[in-house]
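>>> Quick one, fold the following:
(one chain, ligands or ions: 2)
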Amino acid sequence: MKALHFGAGNIGRGFIGKLLADAGIQLTFADVNQVVLDAINARHEYPVHVVGEQAQVEIVKGVNAVNSTSDDIVDLVAEVDIVTTAVGPQILERIAGGIAKGLAKRSDNANSRPLNIIACENMVRGTTQLKAHVLKALPEQYHAWVEANVGFVDSAVDRIVPPSEAGSSDPLEVTVETFSEWIVDQTQFKGPLPAIPGMELTDNLMAFVERKLFTLNTGHAITAYLGQLAGHNTIREAILDPQVRAVVKGAMEESGAVLIKRYGFEADKHAAYIQKILGRFENPYLKDDVERVGRQPLRKLSAGDRLIKPTLGTLEYQLPHDNLVTGIAAALRYHSEQDPQAQELAELLAKQDVAATLAQISGLDANSDVVKAVVKAWSAMA
Ligand SMILES: NC(=O)C1=CN([C@@H]2O[C@H](COP(=O)(O)OP(=O)(O)OC[C@H]3O[C@@H](n4cnc5c(N)ncnc54)[C@H](O)[C@@H]3O)[C@@H](O)[C@H]2O)C=CC1
Ligand SMILES: O=P(O)(O)OC[C@H]1O[C@](O)(CO)[C@@H](O)[C@@H]1O
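Ligands and ions are numbered 1, 2, ... in the order given. The predicted structure follows:
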């Protein structure tokens with residue numbers, strides 16, 4: 001089997017790419033970071049430090065790399081069996097053009113071997129959104145062929161992989177936690193279901209996507225935002241702060257109440273899931289900066305993402321949301337010189353009040369009780 005993975009970054013090298021290569025699949029990474037590309041093509045292997053009580057170093061072997069903006073992409077998409085991505089939600093549209101050209105070539109070559117495409121991004125139905133970008137870039141005459149021969153498979157991906165501290169000396173070295181979870185929608189595959197160790201198949205994906213995004217990522221983001229406000233630099237420092245921890249746990253439980261109502265998760269199992277996540281945030285072997293986890297606050301405050309969507313769920317089911325509200329207020333206080341979205345947030349707040357800013361970013365009604373509650377919490381954080 002052959003695979004092409006877009007995004008040789010933390011998750012790309014530390015989880016999805018590793019999992020495909022370890023399964024004996026011939027893996028080619030596609031990226032725009034030339035230092036990383038040259039290092040992969042010079043060594044064709046890289047170390048993954050799996051940290052925890054039983055730390056170990058696993059070497060990923062037999063990998064190659066191409067530049068994502070080159071025509072190599074077209075040839076690879078025309079011949080591989082599986083395409084995966086971990087580039088960031090905002091980059092999917094940028095890689096869609098190359099994928100579309102590759103699909104056109106695959107059709108012209110009458111290569112009707114099934115191809116499955118799986119986006120591994122922190123978003124709800126990311127692959128379905130990638131498909132829309134691809135079809136927009138693909139001439140109409142190929143659409144029916146793509147529907148018949150290409151599977152666009154949505155997924156949920158979970159492993160905490162911060163940038164490696166040794167990044168400076170070895171651009172490929174990556175450090176990961178022991179926990180990992182990759183769940184894919186088995187109803188969307190074309191051809192036989194692949195048996196890849198570590199890739200779980202389900203016909204109930206939305207439950208797992210929302211459970212992960214609206215528990216781990218909700219809690220992680222609020223840990224980052226409240227952590228920054230309290231002067232903490234890392235997620236571990238922040239979650240060990242009892243005041244931060246209480247709000248984070250509360251927010252995950254408030255979101256959990258919605259998930260339990262919506263998907264029927266067992267309350268005690270979900271409580272254990274939340275406890276395990278708090279333990280993962282505490283991981284003493286991982287140095288994870290609040291700025292990484294808080295990155296792109298406008299995306300994280302958008303209607304379908306980890307802060308607003310769970311809060312909308314509490315409104316739908318008339319459930320409590322005080323801690324989620326505190327998390328949203330803290331997100332509106334997030335600042336970073338390196339993050340363009342944090343800059344844009346500051347500009348929005350400079351030219352209009354916080355209620356109008358939140359309404360613009362999240363789609364919430366500026367005069368709603370929940371926005372008034374956020375404004376009250378935000379003012380108290382000054
Ligand atoms: N790091 C983590 O713990 C987790 C990240 N994710 C998701 O994985 C995705 C990637 O996140 P990270 O690996 O943390 O980010 P990252 O920044 O380490 O990796 C992204 C990679 O994409 C590359 N890239 C940018 N533009 C590209 C293009 N046009 N073509 C090909 N490659 C391009 C970058 O050079 C970089 O190597 C995001 O959607 C994130 O939400 C999901 C679960 C865990
Ligand atoms: O990658 P995003 O969506 O910017 O968010 C960062 C979050 O994603 C993760 O990298 C993995 O889900 C977490 O470690 C962190 O909560």
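
>>> Residue 265: what's its closest spatial neighbour, skipping adjacent residues?
residue 259 (5.6 Å; C-beta to C-beta, 6 or more residues apart in numbering). Where C-beta positions appear, they are placed from N, C-alpha and C, glycine not excepted.

>>> Sticking with that neighbour, tell me its helix or strand.
Element membership for residue 259, per DSSP states H and E: helix 242-263.

>>> Give me the distance from that helix to the chain's centre.
Its chain's C-alpha centre and that of helix 242-263 lie 20 Å apart, by C-alpha atoms, centre = their mean, to the nearest Å.

>>> In PDB, list the C-alpha atoms belonging to the very next helix or strand once past it.
For helix 242-263, the succeeding helix or strand toward the C-terminus, using DSSP H and E, is helix 267-281. Taking C-alpha atoms only, helix 267-281 is exported to PDB below (Å, rounded to 0.1, in the frame of the first residue of the first chain):
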ATOM      1  CA  ALA A 267     -22.300   9.400  32.900                       C
ATOM      2  CA  ASP A 268     -19.800   7.500  34.900                       C
ATOM      3  CA  LYS A 269     -17.700   6.500  31.800                       C
ATOM      4  CA  HIS A 270     -17.800  10.100  30.700                       C
ATOM      5  CA  ALA A 271     -16.600  11.300  34.100                       C
ATOM      6  CA  ALA A 272     -13.700   8.800  33.900                       C
ATOM      7  CA  TYR A 273     -12.900  10.200  30.400                       C
ATOM      8  CA  ILE A 274     -12.800  13.700  31.800                       C
ATOM      9  CA  GLN A 275     -10.500  12.600  34.700                       C
ATOM     10  CA  LYS A 276      -8.200  10.900  32.300                       C
ATOM     11  CA  ILE A 277      -7.900  14.000  30.200                       C
ATOM     12  CA  LEU A 278      -7.000  16.100  33.300                       C
ATOM     13  CA  GLY A 279      -4.200  13.600  33.900                       C
ATOM     14  CA  ARG A 280      -3.000  14.000  30.300                       C
ATOM     15  CA  PHE A 281      -2.900  17.800  30.800                       C
END
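
>>> Enumerate every residue touching residue 45.
Residues in contact with residue 45 (C-beta atoms under 8 Å, 6 or more residues apart in numbering) are 59-63.

>>> would you list every one of the helices in the stretch 251-382 of the chain?
Under the criterion DSSP state H, counting those that start in this stretch, helices of the stretch 251-382 of the chain are mapped to 267-281, 290-293, 297-300, 308-316, 322-331, 340-351, 354-362, 369-380.

>>> what's in contact with the third one?
Surrounding helix 297-300, the residues in contact under the criterion C-beta under 8 Å, 6+ apart are 89-90, 221, 225, 294, 305-307, 331-332, 334, 339, 341-342, 344-345, 361.

>>> again, but for the fourth one
Defining contact as C-beta under 8 Å, 6+ apart, one finds that helix 308-316 is touched by 124, 210, 213-214, 218, 251, 254-255, 257-259, 261-262, 301-303, 319-321, 324-325, 328, 362-364, 370.

>>> Show me what the helix holding residue 259 is packed against.
Applying 3 or more C-beta pairs under 8 Å, 6 or more residues apart in numbering; DSSP states H and E, we find helix 242-263 packed against helix 205-211, helix 218-229, helix 235-239, helix 267-281, helix 308-316, helix 322-331.

>>> and residue 302, what are its phi and psi?
phi -80, psi 160 (degrees, to the nearest 10).

>>> what do you get for residue 115?
Dihedral angles (degrees, to the nearest 10) for residue 115: phi -120, psi 130.

>>> Now for it, how many residues are close by?
Using other C-beta atoms under 10 Å, residue 115 has 25 neighbouring residues.

>>> Please enumerate the helices of the stretch 1-150 of the chain.
Under DSSP H, counting those that start in this stretch, the stretch 1-150 of the chain gives helices at 10-11, 17-22, 34-43, 72-77, 92-108, 126-137, 143-149.

>>> In the last one, which residues are buried?
Buried residues in helix 143-149, counted by 16 or more other C-beta atoms under 10 Å: 145-146, 149.

>>> Distance check, the nearest residue to residue 331 once chain neighbours are set aside against residue 326.
Sequence neighbours aside, residue 225 is the residue nearest to residue 331 in space, at 4.8 Å (criterion: C-beta to C-beta, 6+ apart). Distance from residue 225 to residue 326, counting by C-beta to C-beta, to the nearest Å: 9 Å.

>>> Compare the two and say which is more crowded by neighbours.
Neighbour totals were compared for residue 225 and residue 326, and residue 225 leads with 30 against 24 (other C-beta under 10 Å).

>>> so what's the more buried one up against?
Residue 225 sits next to 290, 294, 297, 327, 330-331, 333-334 when contact means C-beta under 8 Å, 6+ apart.

>>> what about burial for those, which qualify?
Burial by neighbour count, 16+ other C-beta under 10 Å: within the contacts of residue 225 this picks out 290, 294, 297, 327, 330-331, 333-334.

>>> what about stretch 216-225 and ligand 1, touching?
No: if you take C-beta under 6 Å from any ligand atom as the test, stretch 216-225 misses ligand 1, and the best it gets is 8.2 Å.
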